[in-house]
Structure formats: C-alpha cells, structure tokens
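Peer 1: here's my sequence, what's the structure:
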Amino acid sequence: MSAPTARPHPGQKPGARKPGAGIPGAHPAASKSNVADVAHSTLDGARTVAPERVTGAQSVVRSLEEIGVDTVFGIPGGCILPVYDPLLDSKKVRHVLVRHEQGAGHAATGYAQATGKVGVCMATSGPGATNLVTPLADAQMDSVPIVAITGQVGRPLIGTDAFQEADISGITMPVTKHNFLVYDAADIPRVIAEAFYLAQSGRPGAVLVDIPKDVLQEDTVFSWPPQIDLPGYRPVTKPHGKQIREAARLIAAAKSPVLYVGGGVLKAEASEELLKLAELTGIPVVTTLMARGVFPDSHPQHMGMPGMHGTVGAVAALQRSDLLVTLGARFDDRVTGKLDSFAPDAKVIHADIDPAEIGKNRFADVPIVGDCKEVITELIAAISEDRATIAAPDLATWWSYLDGIRETYPLAYNKPSDGALSPEFVIERLGAAAGPDAIYCAGVGQHQMWAAQFVKYEKPRTWLNSGGLGTMGYAVPAALGAKMGAPEKEVWAIDGDGCFQMTNQELATAAIEGAPIKVAIINNGNLGMVRQWQTLFYEQRYSSTDLSTHSMRIPDFVKLGEALGCVSFRCEREEDVDAIIAQAREINDRPVVIDFIVGADAQVWPMVAAGTSNDEIMAARDIRPLFDEDDAADEPAVIHAVMERSEEQK
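Peer 2: Now for the predicted structure:
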C-alpha cells in the first residue's frame with residue numbers, strides 16, 4: 001500500500017496540498033464529491049451546518065461530532081491541549097483517557113476491528129505523537145481504519161528543534177495510508193472528512209492528521225459538510241466482468257480448487273456471500289489468521305487456518321491445489337513459506353481491492369481488482385448462470401484426499417508429562433465457556449497461535465490480533481477498545497506474560513472507564529515463542545527468555561491486577577480451570593485478570609519453519625506428514641505408531 005507524502009511542493013504555501021499530489025489510488029480520474037455522497041462511510045447522511053465562528057480546536061471537535069465519532073482514545077499535552085477544552089463540552093464524543101499513547105492507538109484499532117467503524121486516537125506533539133508510530137504501523141499492515149490526530153508545535157517553530165517537536169508526518173509516511181499537516185484552520189473540516197474517507201474506503205488503513213498549536217488556537221469558520229477533494233483517488237470496487245467470467249471458467253474446470261480467504265473478505269463484510277459461494281461450489285475453504293471467523297469453523301468445508309502454524313489439512317489443500325481462488329489475501333510469507341515451492345501446480349485467481357497486492361508475491365492468472373463483497377456476488381451469479389448448461393465439477397476425489405489428511409492429522413495437543421497446566425487446554429476451555437459470540441483479542445506469540453487454533457470462531461469480528469506487524473502488547477488495549485465499541489459483548493484478552501507486561505497499565509483505564517474486559521494471562525514464565533525457537537534451532541540455549549514470572553513471581557500478576565482495579569485469580573490446576581473461568585464471567589462491574597500458570601515447555605504445532613517449504617510442515621516434533629497420495633494411503637498407521645511410541649516414551 002502506498003504511503004503518500006504530506007510535504008509542501010515547490011512554490012506552494014506550506015501545508016497547502018497540490019491537487020492530486022501524493023494521493024494513493026487505482027483510478028486516474030478525479031473525484032470531487034460532497035461528504036454526504038461518500039458510499040460505505042460514516043459520513044453518509046451528513047446534516048447541513050450553517051457557517052459559524054469557532055477556533056481551530058472547536059472545528060476539530062465539531063468535525064468529529066458531525067462525522068459520527070462517539071469515542072476518542074488519547075492523552076492531553078501541550079500542543080493538543082486546545083482541542084481538549086471544547087472536547088470537555090461535547091455531548092457526542094466520549095474521550096477515554098489512556099495511560100500510554102500506544103494504548104490509545106491499539107484501543108482505536110480494537111474499536112475499529114470490533115465495530116467496522118473508524119477508530120480515533122489523539123496525542124500531543126513530540127513523544128506523544130511518536131508513541132503512536134507502532135499502532136499506526138500495526139493498523140496499516142492489517143488494513144484497519146484508524147485516524148490519529150496529533151498536536152504540533154506552532155507554525156513559526158516548525159523546523160527549529162522546538163520543545164517537543166517531531167516531524168511526525170515525515171516519520172509516519174512509510175506506515176500510513178496518508179497523512180496531513182494542516183497549516184490553515186479553515187482546512188480542518190475538509191481534512192478531517194478526507195482523513196475518515198481515506199481511512200475506510202478502498203483498502204482501509206491508518207491516516208494521521210497533524211495540526212500545529214497556533215492553527216488550533218486561531219479563529220476560523222466552521223460549516224458542514226465540506227467538499228472532499230481527492231483528485232486521482234477513486235478506489236475500484238466493482239470488478240471487471242470479463243475477469244469474473246474467466247474466473248468462473250477456471251473454477252468450473254478445476255479438479256482440486258481451494259478458496260484461499262484473507263482479511264479482505266472480513267473488511268468487505270462479505271461472510272454471508274463467502275458462505276454462499278463455498279456451498280454453491282463445494283470448494284474447500286482456508287481462512288488466514290486475519291480472516292478467522294469470516295467462515296464458520298464448524299462448517300464441513302472449512303479446512304482451517306493455513307501457514308506457519310496452520311492445520312495440516314489447510315496446508316495440504318493449498319500445496320496440492322490446482323486452483324487458488326484467492327479472496328482478500330496477500331500471499332504473505334507466513335502463509336506461503338518458501339514462495340517458489342508454494343502451491344506449485346496451482347493457477348491463481350487473485351481478487352483484492354488493492355491493485356498493488358495483485359502479482360506482488362505470486363503471479364495471478366486472473367487478476368481481479370474490486371471489493372470482495374462485489375467480487376464474490378458476481379462470481380456467484382456467473383457460476384450459477386454456467387450451471388444452467390454445465391455440470392458442476394466432481395470434487396469427490398479431492399475431498400476424499402483432504403478428508404484423509406485432516407482425519408490423520410487433526411489439530412491436537414499432548415498434555416505436559418510433568419503435570420503442569422496445558423496452555424492449549426486453558427484456551428480451549430475458555431473458548432468453550434465464552435462461546436462464539438464473545439470477542440477474543442490476542443497478543444503475539446505462542447498464546448496468539450493457540451488462541452487462533454483452539455477457540456472455535458463462527459462469526460466475523462470476534463477475533464482480533466496483530467497479524468502483519470506482530471505487535472507485543474496489543475491485546476489489553478485492543479480489548480479495551482473493543483469493549484468500548486461493543487459494550488454488550490463479552491471481551492477476552494488472551495495474553496502472554498511477556499506481552500502483558502508491555503501494556504497492562506491500560507487495565508487502570510478499563511477499570512476507571514467502566515469497561516469490564518477479562519484477561520487470561522498464559523503465564524509460562526518465558527518469552528514462549530522465542531524459547532520454542534531456541535529449543536528447536538539454537539540447541540536449547542535459552543538466552544534472555546526467562547521472565548522470572550514463574551521462578552520469582554515478579555511481578556505477581558494477581559497483586560498487579562488488583563492494584564490496577566481488577567478482580568484477580570490464579571489458576572495452576574486443570575481441575576480448577578472451568579470454575580475460575582466461570583467466576584470471571586460472572587463479574588461484569590470491573591475488569592478481571594486470571595493468571596494461568598502453565599508449563600514452560602509447551603510448543604505450538606503444527607509448524608513450518610521460517611524459510612522452508614510448506615511441504616516440510618511438521619504436525620508435531622519429529623512428525624512430518626506425507627502429502628503425496630501414494631504415501632498418504634500407506635503411511636497413516638506408521639505415523640500413528642510413531643505418535644504412540646512418542647507418548648509412551650514420555
């Protein structure tokens with residue numbers, strides 16, 4: 001995704017944008033439309049507000065109100081302080097005072113992922129703004145629509161190394177969809193409107209609006225709606241009919257097709273259409289880490305999650321496919337493994353709203369630029385029309401092979417031989433108790449993979465995680481944001497003891513703001529995923545992975561949770577897991593923390609080692625599946641025998 005500049009052009013007034021300069025888009029034609037006409041936008045149905053005298057800061061707040069923002073996450077400071085005064089008087093916008101700007105950014109992301117609306121965060125200049133860089137990059141990589149509003153030093157001070165000055169627009173150019181540096185208070189309504197439109201249209205992403213303090217303080221005129229003026233930016237949402245027909249032709253001819261589904265389907269709100277397409281065609285479905293929940297786990301056509309820690313069945317389906325129907329996925333390295341060996345015999349249909357993704361990593365035989373909802377809808381129509389004259393392809397042999405693979409290599413785990421609590425068991429029981437209507441947020445590491453594997457996802461927007469950037473510390477603030485956006489939902493943060501120590505202070509925010517999230521700490525006393533790699537690839541040389549949360553109980557998570565305003569529990573025995581989860585679910589007046597003390601040696605399986613082919617997937621340590629049909633028919637009994645011997649030896 002492109003990251004256009006917000007810098008002035010030669011001969012241009014600083015901050016005044018040259019028409020069309022640096023705006024990302026797939027269509028060269030100009031687009032100048034009234035905010036009220038923007039499709040699929042929170043700007044729809046904008047009311048008319050007559051011109052009135054306000055300050056720049058008041059214009060910011062009024063713009064947020066008119067767009068329909070109900071929640072902003074942030075921390076006040078010198079250069080953004082003018083905005084906080086009118087924000088105090090707003091009856092429509094609730095400000096959530098976080099404890100760290102990174103928490104504000106991740107909370108905005110969690111809010112956006114849970115609701116489908118734009119998340120909003122706010123920070124002051126300098127260190128306040130730079131603390132937003134990680135969540136901005138995180139949201140951008142996962143195509144999450146957020147808008148960050150930052151204060152900047154006054155215009156005369158820009159470039160002088162003034163107190164708390166940082167070139168945040170320059171810093172964030174590579175990690176945002178677009179950013180603005182506002183030099184005229186009269187531009188604030190238009191810029192805010194454009195920021196929201198850019199954040200949620202086309203491929204969603206992160207947008208930064210940086211406003212100098214003196215611009216916020218100056219008098220101006222506010223009216224609504226403004227004219228958004230984004231020449232050259234017109235995302236293509238409707239797919240080309242010729243490409244749809246060619247895709248339908250390939251699907252009809254395929255003997256071993258797979259629907260390779262990514263987060264773009266979720267962003268397009270196309271889960272119902274995906275279900276119709278899958279059932280119409282009978283094609284196996286795999287859902288990436290960012291698409292969990294967009295297709296029901298319980299559906300017999302669902303092969304599971306592909307990739308480094310995906311199911312053996314999903315990986316086998318991709319590797320032995322003759323056609324990948326790729327919908328809103330980007331062929332990232334965690335799915336493909338060694339790229340030149342990925343799905344070697346497959347033709348590729350690649351549909352994505354971002355043309356930059358098509359052909360970036362894998363050649364597309366049929367490229368389709370468009371919104372996944374429209375693409376799938378038109379594919380259904382084309383296939384249905386063809387079925388009037390052409391028989392549906394017979395996929396019985398393909399399904400027989402895949403059923404054999406997933407029956408031989410089901411997603412499973414062994415309980416620790418030393419009697420320690422199994423992390424997979426904890427997460428599995430948590431998912432069973434909270435059910436498919438809850439929202440689950442995960443940090444990054446082993447617990448993230450176990451949560452993706454062992455919680456059953458049946459609905460979209462119930463699984464939130466940091467997929468592309470892999471940001472530790474994401475879970476707690478994201479859960480806070482999700483709960484603020486969907487207060488009727490039960491929200492769980494499934495976190496590791498390493499991740500939790502990065503952003504646990506946002507539990508104080510949750511307690512004070514009345515957001516009763518629940519946190520399950522999978523406490524293995526270590527940086528678990530790092531330790532797993534050291535076990536497998538570094539001869540068990542455990543360098544700097546022991547966090548002492550087991551050996552010394554520093555910190556004591558029960559006491560820490562209580563100090564942050566939470567009800568806290570500790571669980572060390574399997575027989576107590578269900579009861580403690582049930583107790584936590586009954587508490588809805590404040591946050592809850594459960595410190596699950598689990599074994600340090602548990603590992604995430606299956607696994608494709610980084611840089612290797614998916615054909616080298618290990619179902620468990622020293623257990624390598626055989627994907628070739630001849631081998632698959634002969635070897636399962638041998639594989640089971642190996643697994644049994646392995647268990648007996650333990």
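
Peer 1: neighbours of the closest residue in space to residue 357 that isn't next to it in sequence, just the number please.
Peer 2: Once flanking residues are discounted, residue 357 sits nearest to residue 330: 4.8 Å by Cβ to Cβ, 6 or more residues apart in numbering. Where you see a C-beta, it was placed from the backbone N, CA and C, and this is true even at glycine. The number of residues packed around residue 330, counting by other Cβ atoms under 10 Å, is 23.

Peer 1: host element of residue 330?
Peer 2: Remark: residue 330 resides in no helix or strand, with elements defined by DSSP states H and E.

Peer 1: assess the claim that it and residue 353 are in contact.
Peer 2: No: checked against Cβ atoms under 8 Å, the pair residue 330 and residue 353 is beyond contact range at 11.3 Å.

Peer 1: contacting residues around the residue nearest to residue 357?
Peer 2: For residue 330, the contact set (Cβ atoms under 8 Å, 6 or more residues apart in numbering) comprises 262, 352, 357, 360, 361.

Peer 1: find me the pLDDT at the residue nearest the centre of the chain, would you?
Peer 2: Centroid check for the chain by Cα atoms, centre = their mean gives residue 142 as the closest residue, at 4.6 Å. Confidence at residue 142, expressed as pLDDT, is 99.

Peer 1: thought it was touching residue 290?
Peer 2: Yes: assessed by Cβ under 8 Å, residue 142 is found in contact with residue 290 at 6.3 Å.

Peer 1: so what sits against both of these two?
Peer 2: Between them, residue 142 and residue 290 share these contacting residues under Cβ under 8 Å, 6+ apart: 263, 467, 468.

Peer 1: list the contacts for the residue nearest to the centre of the chain?
Peer 2: Residues in contact with residue 142, defined by Cβ under 8 Å, 6+ apart, are 109, 263, 290, 466, 467, 468, 469.

Peer 1: distance of it relative to residue 264?
Peer 2: 11 Å (Cβ to Cβ, to the nearest Å).

Peer 1: again with residue 499
Peer 2: Taken as Cβ to Cβ, the span from residue 499 to residue 264 is 26 Å.

Peer 1: quick one, phi/psi of residue 207?
Peer 2: Backbone torsions for residue 207, taken as degrees, to the nearest 10, come to phi -130, psi 140.

Peer 1: list the contacts for it?
Peer 2: The neighbours of residue 207, taking Cβ under 8 Å, 6+ apart as the test, are 146, 147, 148, 176, 177, 178, 179, 180, 195, 196, 198, 199.

Peer 1: model confidence at the closest residue to the fourth one other than its chain neighbours, what's the number?
Peer 2: The shortest distance from residue 176 to any residue that is not its chain neighbour, by Cβ to Cβ, 6+ apart, is 4.8 Å, and that residue is residue 206. Per-residue confidence for residue 206 comes out at a pLDDT of 99.

Peer 1: one more: residue 359?
Peer 2: pLDDT, read off for residue 359, is 96.

Peer 1: check residue 606 too.
Peer 2: Confidence score, pLDDT, at residue 606: 98.

Peer 1: let's see which of the contacts of residue 207 end up in helices.
Peer 2: By the criterion of DSSP state H, membership of the contacts of residue 207 in helices covers 195, 196, 198, 199.

Peer 1: what number of residues are in the vicinity of the second one?
Peer 2: Neighbours of residue 196 under the rule other Cβ under 10 Å: 28.

Peer 1: please tell me I have it right and it contacts residue 147.
Peer 2: Yes: at 6.0 Å, residue 196 counts as touching residue 147 under the criterion of Cβ under 8 Å.

Peer 1: need the overlap of contacts for the two.
Peer 2: The contact sets of residue 196 and residue 147 overlap at 118, 207 (Cβ under 8 Å, 6+ apart).

Peer 1: what ranges do the helices span in the stretch 351-500 of the chain?
Peer 2: Taking DSSP state H, counting those that start in this stretch, the helices of the stretch 351-500 of the chain run over residues 372-387, 396-408, 423-434, 446-454, 475-485, 497-503.

Peer 1: which elements pack onto the third one?
Peer 2: Packed against helix 423-434 by the contact rule (3 or more Cβ pairs under 8 Å, 6 or more residues apart in numbering; DSSP states H and E) you find helix 446-454, strand 491-496, strand 518-523, helix 577-586.

Peer 1: next: the second one.
Peer 2: The helices and strands touching helix 396-408, judged by 3+ Cβ pairs under 8 Å, 6+ apart, are strand 302-304, helix 312-319, helix 629-634, helix 636-649.

Peer 1: just give me the lowest mean pLDDT stretch among the ones you listed.
Peer 2: helix 636-649 (a mean of 37).

Peer 1: identify the residue spatially nearest to residue 65, adjacent ones excluded.
Peer 2: Take residue 65 and drop its neighbours on the chain: the residue closest to it by Cβ to Cβ, 6+ apart is residue 92, 4.6 Å away.

Peer 1: I'd assumed residue 71 was in contact with the one you found.
Peer 2: No: at 10.2 Å, residue 92 does not count as touching residue 71 under the criterion of Cβ under 8 Å.

Peer 1: which one's more surrounded, the two?
Peer 2: When residue 92 is set against residue 71 and neighbours are counted by other Cβ under 10 Å, the residue ahead is residue 71, at 20 against 12.

Peer 1: distance check, that one against residue 519.
Peer 2: 21 Å.

Peer 1: what does residue 305 give?
Peer 2: For residue 305, the distance to residue 519 (Cβ to Cβ) stands at 24 Å.

Peer 1: try residue 386
Peer 2: Shown here: residue 386 relative to residue 519, a distance of 51 Å by Cβ to Cβ.

Peer 1: now do residue 125
Peer 2: According to Cβ to Cβ, residue 125 and residue 519 sit 32 Å apart.

Peer 1: could you do residue 598 as well?
Peer 2: With Cβ to Cβ as the criterion, residue 598 and residue 519 are 15 Å apart.

Peer 1: repeat that for residue 234.
Peer 2: For residue 234, the distance to residue 519 (Cβ to Cβ) stands at 43 Å.

Peer 1: please apply the same query to residue 547.
Peer 2: Remark: distance between residue 547 and residue 519 (Cβ to Cβ) = 17 Å.

Peer 1: again, but for residue 617
Peer 2: Distance from residue 617 to residue 519, by Cβ to Cβ: 32 Å.

Peer 1: returning to what we had before: now pLDDT and distance to residue 325 too, for the ones in helices among the contacts of residue 207, in TSV please.
Peer 2: Shown next, in TSV, are the ones in helices among the contacts of residue 207 (pLDDT from 0 to 100; distance: Cβ to Cβ, whole Å):
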residue	pLDDT	distance to residue 325
195	99	34
196	99	32
198	99	29
199	99	29
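
Peer 1: which pair of these spans the longest distance?
Peer 2: For the ones in helices among the contacts of residue 207, the maximum inter-member distance is 7.4 Å, found between 196 and 198 (Cβ to Cβ).

Peer 1: on that earlier part again, out of residue 386 and residue 519, which sits in the busier spot?
Peer 2: Taking neighbours as other Cβ under 10 Å, residue 386 and residue 519 compare with residue 519 leading, 27 against 16.

Peer 1: these two touch, right, that one and residue 503?
Peer 2: No: with contact defined as Cβ under 8 Å, residue 519 does not reach residue 503; the gap is 10.8 Å.

Peer 1: give the residues shared as contacts by those two.
Peer 2: Common neighbours of residue 519 and residue 503 (criterion: Cβ under 8 Å, 6+ apart): 475, 476.

Peer 1: contacting residues around residue 100?
Peer 2: Neighbouring residues of residue 100 by Cβ under 8 Å, 6+ apart: 75, 131, 503, 505, 506.

Peer 1: so what's the residue sitting furthest away from the middle of the chain scoring on pLDDT?
Peer 2: Distance from the C-alpha centroid of the chain peaks at residue 389, with 41.4 Å (Cα atoms, centre = their mean). We note a pLDDT of 88 for residue 389 in this prediction.

Peer 1: look up how far residue 186 lies from it.
Peer 2: Residue 389 is 61 Å from residue 186, by Cβ to Cβ.
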